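Novice: for reference, the sequence and a predicted model appear below.
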Amino acid sequence: MLKMLVSLIFLTPVCFVGGGWWMVQSLLFLMVFSFMLLNMSSSFLMNLSYFMGCDVLSYGLLLLSFWICVLMLMASESVYRLNNYSPFFLFLVISLLGLLFCTFSSTNLFMFYLFFESSLIPTLFLILGWGYQPERLQAGVYLLFYTLLASLPLLVGVFYLGDFQNSLLISFCVKTSFGHVLIYLALILAFLVKMPMFLVHLWLPKAHVEAPVSGSMILAGVLLKLGGYGLLRVFSVLVIPGLAFNFIWVGVSLVGGVVVSLMCLRQTDLKALIAYSSVAHMGIVLGGLMTLSYWGFCGAFTLMIAHGLCSSGLFCLANISYERSGSRSLLINRGLMNFMPSMTLWWFLLSSSNMAAPPSLNLLSEISLLNSIVSWSWVSMVALGLLSFFSAAYTLYLYSYSQHGK
C-alpha cells in the first residue's frame, strides 16, 4: 500500500513542471492498471503496514478513486487549455486522491477520521476556485458546515470506543458490540450526512450545481461513498443498537428516495437532476445497509461502485453539453441528437445504467438490495416499487428531453 502512496507523493512536484498535465495523467493511468494487478481475492486485510491495510471493501473503492481521478483530469481539459491555474488544479486533484487513498486504507479509526475530514479541504478549494457562479461560496459554506457539525460527535465516539477497548484498530473493534444509544448516534451521524440521507442532503445539490465538472465527478463518484464505507466499517460494532433503531433510517431513506425522485421529475437543471438522483440512489443503499443482512451489505457495496461510475459519467456529459451550449437548462439543451449524434450513445448507455437496465452493474446490486429490504419488511415493497418506477421515469425524462427534445 505504501508504494502507491509514495508514488502519489512523488507526483506532486510533477504538477508544477511544464507539460506536467499529460505526464500526471499518463502516470495515474499506469498506477490504475498496476493497482488492478494486485490480487485482492481474500476478504482479510492484506498488504499491511503499521497503519495501512487493504481488504475487498477498500480495494474496490480505492480502484474507483484512482479511476475517477484520472477521468476527472480528462474531463477538465479546458482548465489546461485555457491555462486556468492548471498546476494548482493538478496539485489539488493529486492531494485529494492521496487523502482518499489514506482514508480507504486506514486500519486505525482515528487515522480514518482524520483523513475522512481532510478530504473536505481539496474539494472545497475545487468548488471555490474553479466553480462557475458566485453562489459557489454559499455552496462551500453549506458543504463545510453540514459535514463538520455532524463529524464532531464522530470524533467523540471514536475516542469513547478507543477508551472502551484500549485500541483504535478497526480489526479489534469488530470483536466488541455494545448498546449505548448516544455512541451509536455519534458514530453514524457523520456518515449519514456524507451519504447523504434525505433530510440532511441539502448541501449536495448546491455543491454539485456550483462545482466544476471535476468537483462534481469526485463528489458523486467517491466522496458520497465515504459515508457508505464508514457505515460498513462501524456497523460491526453497532449491531445491538442497530437492531433496535435501524428501522428509523430505513424508513426515512426509502420515503426520502421517493420524494427526491418526484423532485427530479420537476427539475430543468441538468446537474441538479443528476445530483438529486444521487440522493435517491444513496437512499436505497442506506436502506439495504441498515437491514444488517449479507445481501444488503453486498448490494450496498456493489451499488456504490456502480453509481460512482455511472453518476460521474452523467456529470461529465452534462458538462460537455454545458460547454457547447453555455447553459445547463433542459429547455436549451434539448434535441442534442441533431447537434452531437455520437454523444447520444453515451447518454443512452449511462442513463440506462442509472435506471438499472439489465446489462448494468446497477441492476445486480439493486436486485440484492430489494431482496434484503423486502426480506426485512414486506411493507417496504410499496416505497421500493415507487422508487424503482420514478427512477426509470426521471431518467427517461432526462434522456428523451435532452436528446430527442420531447
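Specialist: Ah, there it is. Residues are numbered from 1 along each chain as shown.
Novice: going forward, measure contacts and count neighbours with C-alpha atoms only.
Specialist: Fine.
Novice: can you tell me which residue is nearest the centre of this structure?
Specialist: Leu224 (2.8 Å; CA atoms, centre = their mean).
Novice: from memory that residue sits against Lys194, does it?
Specialist: Yes. The pair Leu224 and Lys194 passes the contact test of CA atoms under 8 Å, sitting 5.8 Å apart.
Novice: shouldn't the residue nearest to the centre of the chain be within a helix?
Specialist: Yes. Under DSSP: H, G, I helix; E, B strand; the rest coil, Leu224 falls within a helix.
Novice: skipping its backbone neighbours, what lies nearest it in space?
Specialist: In this structure, Leu224 finds its nearest non-sequential neighbour in Met195, 5.0 Å apart by CA to CA, 6 or more residues apart in numbering.
Novice: contact partners for the one you found?
Specialist: 224-228, 279, 282, 286 (CA atoms under 8 Å, 6 or more residues apart in numbering).
Novice: wait, isn't Ser95 in contact with Thr123?
Specialist: No. Contact criterion CA under 8 Å: Ser95 and Thr123 do not qualify, at 10.0 Å.
Novice: quick one: contacts of the helix-or-strand element of the chain with minimal mean pLDDT?
Specialist: Across the helices and strands of the chain, mean confidence by mean pLDDT, DSSP states H and E is lowest for helix 170-173: a mean of 76. Helix 170-173 is contacted from outside by 107-109, 161, 165, 167, 233, 236-237, using CA under 8 Å, 6+ apart.
Novice: give the other helices and strands that the next helix or strand after it contacts.
Specialist: Next helix or strand after helix 170-173 toward the C-terminus (DSSP states H and E): helix 181-194. If you count contacts as 3 or more CA pairs under 8 Å, 6 or more residues apart in numbering; DSSP states H and E, helix 181-194 packs onto helix 136-165, helix 224-234, helix 239-264.
Novice: Cys15 is nearest to which of those?
Specialist: Nearest of the helices and strands packed on helix 181-194 to Cys15, taken as CA to CA: helix 136-165 at 24.9 Å.
Novice: what comes up buried for that closest one?
Specialist: 136-137, 139-140, 142-144, 146-148, 150-151, 153-155, 157-158, 161-162 (16 or more other CA atoms under 10 Å).
Novice: stretch 383-402 now?
Specialist: 383-384, 386-388, 390-402.
Novice: how far off centre is the least confident helix or strand of the chain?
Specialist: Centroid separation between helix 170-173 and its chain, computed with CA atoms, centre = their mean, to the nearest Å, is 24 Å.
Novice: got the helices and strands packed on helix 181-194 as TSV, with mean pLDDT columns?
Specialist: Below are the helices and strands packed on helix 181-194 laid out as TSV (pLDDT from 0 to 100):
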stretch	mean pLDDT
helix 136-165	90
helix 224-234	93
helix 239-264	92
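Novice: okay if I get these as JSON lines plus distance to Leu199?
Specialist: Listed next are the helices and strands packed on helix 181-194 as JSON lines, based on distance: least, CA to CA, whole Å:
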{"stretch": "helix 136-165", "distance to Leu199": "11"}
{"stretch": "helix 224-234", "distance to Leu199": "15"}
{"stretch": "helix 239-264", "distance to Leu199": "8"}
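Novice: nearest to Asn362, of those helices?
Specialist: Nearest of these (CA to CA): helix 224-234, 14.9 Å.
Novice: could I have that closest one exported to PDB, CA atoms only?
Specialist: Taking C-alpha atoms only, helix 224-234 is exported to PDB below (Å, rounded to 0.1, in the frame of the first residue of the first chain):
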ATOM      1  CA  LEU A 224     -20.500  10.100  -1.200                       C
ATOM      2  CA  LYS A 225     -19.100   6.600  -0.900                       C
ATOM      3  CA  LEU A 226     -17.100   7.600   2.100                       C
ATOM      4  CA  GLY A 227     -20.300   7.600   4.100                       C
ATOM      5  CA  GLY A 228     -21.300   4.100   2.900                       C
ATOM      6  CA  TYR A 229     -17.800   2.800   3.600                       C
ATOM      7  CA  GLY A 230     -17.800   4.300   7.100                       C
ATOM      8  CA  LEU A 231     -21.100   2.700   7.900                       C
ATOM      9  CA  LEU A 232     -19.900  -0.700   6.600                       C
ATOM     10  CA  ARG A 233     -16.900  -0.400   8.900                       C
ATOM     11  CA  VAL A 234     -18.700   0.700  12.100                       C
END
